[in-house]
Every structure is written in structure tokens, then in C-alpha cells.
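Engineer: sequence and predicted structure below; questions after.
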Amino acid sequence: MRTYPIEKTRNIGIIAHIDAGKTTVTERVLFYTGISHKIGEVHDGQAIMDWMAQEKERGITITSAATTCHWLDCRINIIDTPGHIDFTAEVQRSLRVLDGVVVVFDGTAGVEAQSETVWRQADLYKVPRICFLNKMDKVGADFAKSLESIHKKLFQKAVPLQIPIGEGDKFEGVIDLLEEKALYFEGDFGEKVIKKEIPQELKEKAKQVRQKLVEEIAAEDEVLLEKFLAEKEISVDELRKVLRKATIEYKLAPVLCGSALRNKGVQPLLDAICYYFPSPKDLPAIRGTNPKTGQEIFRKAEDTEPFSALVFKTASDPYVGSLSYFRVYSGSLKKGSYVFNPVTSEKERIGRILRMHANSRKEIEEVFTGDIAATVGLKKTLTGHTLCDEKEPILLEKIVFPEPVISIRITPETKADQEKLAQALKKLSEEDPTFKQKQDLETGETIISGMGELHLEILCDRMKREFKVAAKVGRPQVAYKETISKEAEAEGKYIRQSGGRGQYGHVWLRVKPKKRGEGYEFRDAIKGGVIPQEFIPAIKKGVREAMDKGVLAGFPMVDLEVTLYDGSFHEVDSSEVAFKIAAIEALKSAAKKANLVLLEPIMRIEVVVPEEFFGDIIGDLNRRRGVIEETKDRANLKVIDGKVPLGEMFGYATSLRSLTQGRGTFTMEFSHYDRVPDNIAQEIIEGKRK
């Protein structure tokens, strides 16, 4: 039996730039909702949601952690996500299954580089948002400036529901604009919310901001707009109702403020989550396809509908083995029952259902529509797979992950470590879709790829600790790519005659460049059966193989269209192998004629430094082939935004520390691939550039 009405369920996430205070906000939420009885601090390595050894040591979130709490009369399922861009997959997969996100901003910095990234990721899945301007107690906190940066860079319709009482060390509480009350947070941990009259000096300002807020909300509803224009009284309940609808439709985004570390402003944020975020029922029916017919089908968020769920994360747990986190979109699921995976066409038994609280778990008998839970021991189910009722199958939209940009070689120290390494790599790549591994065919070494230096460092650390693998790790290498810059065509022939049956394959291929990021496309333009249909898959395979190995310097080829337009075959001697080899030769020849170029990953970078080091940092970035796009002031610091090739950024953290006496910080994320200048490309091809 369902213990909680679906209308009272909220599935929310907390996302932000690194160090904006996401985990601190989550820890306060757990404390005020009675889930934890003492507040865990990130800087002490005591945060409940940062449970991995690597998270405690570094004071950052690496893996998204799920938990459930209750506030007002709602059940809130929360996912706390990492802020570091190297762990972008954790944010991506969490957003796919959430119904609302709280975006936390540093009140002294406003919108930072990764605030934009996570906001755009939320745009991708059209997730409703509430903004929380944190750290209002910090020196340099500026509510108006931070709000303006949200309007300018992210969303024009972000509306403040609160203004702070004082800023920096004078921050005392917040003014609730809808109820027109000042809120103070008293007691040892700010657990008592005291409502008072608005301080005299802020009354006029609060009145002006409220008037604008009411106007913004009223504009979203005809009845309210009429009342507003007629200057009639509009009740708080009416405003909340319309604001809720506008938030769910992503027409408005409420803005609140506070200081999670000083225990101020978190309870009103919890109220806002219950008031303005949707329940699973408030959202449109989930869309999927019938795996048998390919027809589009929909499932309403109701327990009576056939069961459907999406596995959004798999993790290996030292105590229970493989954990699969899933979100239920329709129907219900009892433990001990069987589900169908339409991706693998396999049935899986659900032995146990767990409600997660960071890394601890509680067994439950049944889950219902809108629930987020985990199960143990699914054999063939990976991240992004659908679980559904076998009689009523549905395939839900998969989660798309970015491609890795950095690689390192890893070599096991002993024969025994070789097996352990293979197992560890298999488990870690199942867990993390942005972590890839492949074998270097020439040297036999294993190459692992990820989203950044920190990402690979954490994975190697986990291999050592969790999987007890002793391995040597090489230097990081950039994931270069190759592409063509003009159209060309070439012939590929493979003819062998050696007594008895020979080999015969003959193809003509045309290659054509595509726009950056458009990927690879194969076109079959064979007419009149000059090459029989059964050999086409072998030709495709040959083309793919040649592209993966690269032609210019052994890097994979991207962004090109390959057309098979002519060729010939032999009644007796033609075989799949012959056509595959012919296709490899043809692609190599055509690519060489099509003016091959190297591409490198370009990173978006934001550097924050004290003013006196500004000139040195600009000079250093120019030396690294950086392009400065914008410089701005933030309190008494300088912020530099630009783009720099990844190949020039190894060891930048050390360099920045020495140039700024340890006072500079930077964040970096992948932007796009671009052409490598010819002189540097030559060095890379000749293997001189390390």
C-alpha cells in the first residue's frame, strides 16, 4: 500500500558551481527535517552526503548521493550532485530523473562558469528551478549584483521572493516579500524561525521589490492580472498558486537567499520546495517507444498504469555488490517480482528494493510511481536502461553523456594485478559512462579516458583502494581527433588468388567533411546491385575500423560523411573479409587526398585572481595559446573568462599557485574541438610533443 500520496512527493536535486555550498545546504536540510541529529560539515570531512573516502579527503562531492526526508506534509527525495565539471555525468544523469532543482549560487560571486553549465544541463531536460543565493554572510556578498548576473547570463524571469536583512558580517535574516514579514533564525542551530515586522529602514525597499514581484506573477494569469490592474488586494495563496504553475512551466524561477553555514534561510527554502515544485502528477506523461513496433507511447504518472522505470546510476557497493538506482515513472513494483529490460531483451528479478540514505540503506517491500529507489544484483542492466512490464513494454529515452577528452596509460605491476585491473575497469566503466577504456593494439597497453585530470586521478585512487590493484599510471594525454577539410574519393581493391577459392573486394568511396560536432554518417548509394547487399555491413565495419585507428597520426576520425557509390564483386571469390579490407584501403586513400587535419579539445576557463597578478596571468594564458573573451571585477578580484587548448593546460594548477602566491583559483570545462595549428600538429604527428 502507498503510504504517501503522489501529489505530496517531490523529486529534487541540488546543483551548483564547485564550492557554492550545495552539500552544506543538503546537510542543513537533513538536520531540519530530522533525518540527522547533528550537522555534518564538509570542511571537517563529516558531511553525511560526502561518504566516499576521496570526498572526505578533498572536501568536494564526487558522486551524486540520494536521500529521502519529510517537510510540511511532503516527502522529498533529494539527489546532491557534484559541482566539479570532471564529474559532469553525475549531474547529467540526476537531472534526467528529477522534477525540480535547487540551483545554489555563491552570494559573493553570482553566476560562475559551472553555474552556467549546470543551468544549461537543466535546460536540456526542461527541469523547473529555484535559485538559492548562499553565503550572504560572507564579506563581499551582494544580493542585487548576484541577481543581476542571473538575469543577464541565465534567466530573465528569476523573481526574488526574499531580500536579505544586511549583507556580509551584517547579515541577520531575510524578508519574506509575499507574507511581508522579517524572518530571523534563532537557537543553537537556527532551528527556530521567528517572524517579526520588517525593519523600518527596509520597509520602502521591500514594498518596491514586492510590487514588482506581484506584477511578474500576475502577468502569468489573466484573473490575477485583472485584479492587479484594478489595484485589488491579491491574497498570498492566490500568488503562490500562480507562482507554482509558472515555476512548473519554467516561466518563472523563484529566488531565495541565506547562509547555510550560519543556519539562516534553509527552512524557507524547504517551504518553497513544497510550495512551488511539481509532484510527478503535475508533469506531462512520460514519453517512450514500443521496442517491438517503434511506435511512440506515453505513460501517465499513476500507480494503475503498467510499470516503467529508468535506471539512472549503477554503483558497486562493497557490502551488497552492484547497486542500480532507478526512478519509477508509472505503476508499482514489489520485491521478488520480475521486470523486463527492453534494451537487452532480458528479464531481471528484483530480489531486494532499497531506499537509500547516502551510503546507508533501508529495505522496503514495494515502490510506487514517483519513487526513487535502488535494487541489487541486476546482471545485464546498465545506466540509461529501461525496466518495464514485459506484457506492456516501453523504451524510455536514454541519457546522453559527453565524450572523454583526456587519456592515460595504465600498466598492472604483476600478472595477478592484470586480472584485478580488468575487473576493476569493467566495474568502473559500468558505473561511470564518461570513463572509457581501450587496448592499444600496437603496444598491448590499456588506455583509460575521462573528463579531466581529477576524474582520472580519483578513478586510479579507487582502483588502488577498492579493488586493490597495483598499477603504474602514465602521464595524461590529450584525446586528439582527426578530420578532413575537403571532398575526395578513392578506390580500394583487395584481390588475392592462391589456388582454389580467392579473395575479391572492390569499392569506391567518397568522403566529405561535416560541420564540427556533427559526427560520422555512412551513406549507401549503390545502384543496380553492383555490390550485393550482404557485403554492405562488412564495408561499413571496415570504414569504422579505419576511422577508429586514424590515418594521419593514429587518432580517431570524426565529422565526416562517407558515401559508398561504386565497386564490383566476383561471383565466387567475393567475401565479407575481402570487402572489409577493400573499404579500409579506400577510406585511407580518400582521407589522404581530402587534406587531413588534427583537432584538439578546447576548454572554457575561468580564472579568479587578485588584481596585482592580473597582467602576469593574462601573459601566461596568451603563452598557452589562450583566447581571452572577457575580464570583469568581482569584489576586489579580477575574473578572466577565455578558451585554451587542453594540451597547454597540464600542470596549470601548480603554475597558477606560484604566479599568484597561492591566491588564484580556476575552473575549466570542455567547450569544443578545434583545428590544431600546423606547426604544433607536425610536432604531434612526429611524436615530439609530450
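Structural biologist: Sure thing, it's come through. These figures come from a predicted structure and were not determined experimentally.

Engineer: how about I12, what does it touch?
Structural biologist: 76-79, 98-102, 273, 277 (CB atoms under 8 Å, 6 or more residues apart in numbering). For the C-beta atoms, the positions are set from N, CA and C on the backbone; glycine is no exception.

Engineer: does F326 sit in a helix, a strand or a coil?
Structural biologist: Of the three states, F326 takes strand under DSSP: H, G, I helix; E, B strand; the rest coil.

Engineer: begin at 17 from here
Structural biologist: Shifting the count to begin at 17 puts that one at F342.

Engineer: mean confidence (pLDDT) on the helix or strand containing L637, please.
Structural biologist: Using DSSP states H and E, L637 sits in helix 630-639. The pLDDT scores in helix 630-639 average 94.

Engineer: please point out which parts of that helix sit buried.
Structural biologist: 630, 633-634, 636-637 (16 or more other CB atoms under 10 Å).

Engineer: next helix or strand past that helix?
Structural biologist: Next along the chain after helix 630-639, taking DSSP H and E as the criterion, comes strand 643-650.

Engineer: how far off centre is that next one?
Structural biologist: Chain-centre distance of strand 643-650: 26 Å, with CA atoms, centre = their mean, to the nearest Å.

Engineer: relative orientation of it and helix 630-639 in degrees?
Structural biologist: Strand 643-650 runs at 160 degrees relative to helix 630-639, counting by axes from the mean of the first three to the mean of the last three CA atoms, to 10 degrees.

Engineer: for Q549, grab the count of nearby residues.
Structural biologist: Using other CB atoms under 10 Å, Q549 has 9 other residues around it.

Engineer: contacts only, for it.
Structural biologist: By CB under 8 Å, 6+ apart, no residues touch Q549.

Engineer: what about it, distance to F585?
Structural biologist: 11 Å (CB to CB, to the nearest Å).

Engineer: try E534
Structural biologist: For E534, the distance to F585 equals 32 Å [CB to CB].

Engineer: which one's more surrounded, those two?
Structural biologist: When E534 and F585 are compared for neighbours, F585 comes out ahead with 19 against 12, by other CB under 10 Å.

Engineer: which residue is the nearest non-sequential neighbour of the more buried one?
Structural biologist: Nearest non-adjacent residue to F585, counting by CB to CB, 6 or more residues apart in numbering: I547, 5.7 Å away.

Engineer: quick one: pLDDT of that neighbour?
Structural biologist: Confidence score, pLDDT, at I547: 94.

Engineer: repeat for K557
Structural biologist: Listed pLDDT for K557 reads 95.

Engineer: what of G400?
Structural biologist: For G400, the model assigns a pLDDT of 88.

Engineer: that one: what secondary structure?
Structural biologist: coil.

Engineer: what's around it, how many residues?
Structural biologist: So G400, with other CB under 10 Å, has 20 neighbours.

Engineer: contact partners for it?
Structural biologist: 109, 326-328, 359, 414-415, 449.

Engineer: go through the protein and flag its longest strand.
Structural biologist: strand 612-626 (DSSP state E).

Engineer: following the worst-scoring helix or strand of the chain on mean pLDDT, which helix or strand shows up next?
Structural biologist: The least trusted helix or strand in the chain, going by mean pLDDT, DSSP states H and E, turns out to be helix 69-74, with a mean of 51. Moving toward the C-terminus from helix 69-74, the next helix or strand (DSSP H and E) is strand 81-87.

Engineer: which strands and helices sit next to the helix or strand following that following strand?
Structural biologist: The first helix or strand that comes after strand 81-87 along the chain, using DSSP H and E, is strand 90-96. When contacts are defined as 3 or more CB pairs under 8 Å, 6 or more residues apart in numbering; DSSP states H and E, strand 90-96 sits against strand 25-32, helix 38-48, strand 81-87, helix 282-292.

Engineer: so which of the ones you listed comes closest to E664?
Structural biologist: Among the helices and strands packed on strand 90-96, the nearest to E664 by CB to CB is strand 25-32 (28.0 Å).
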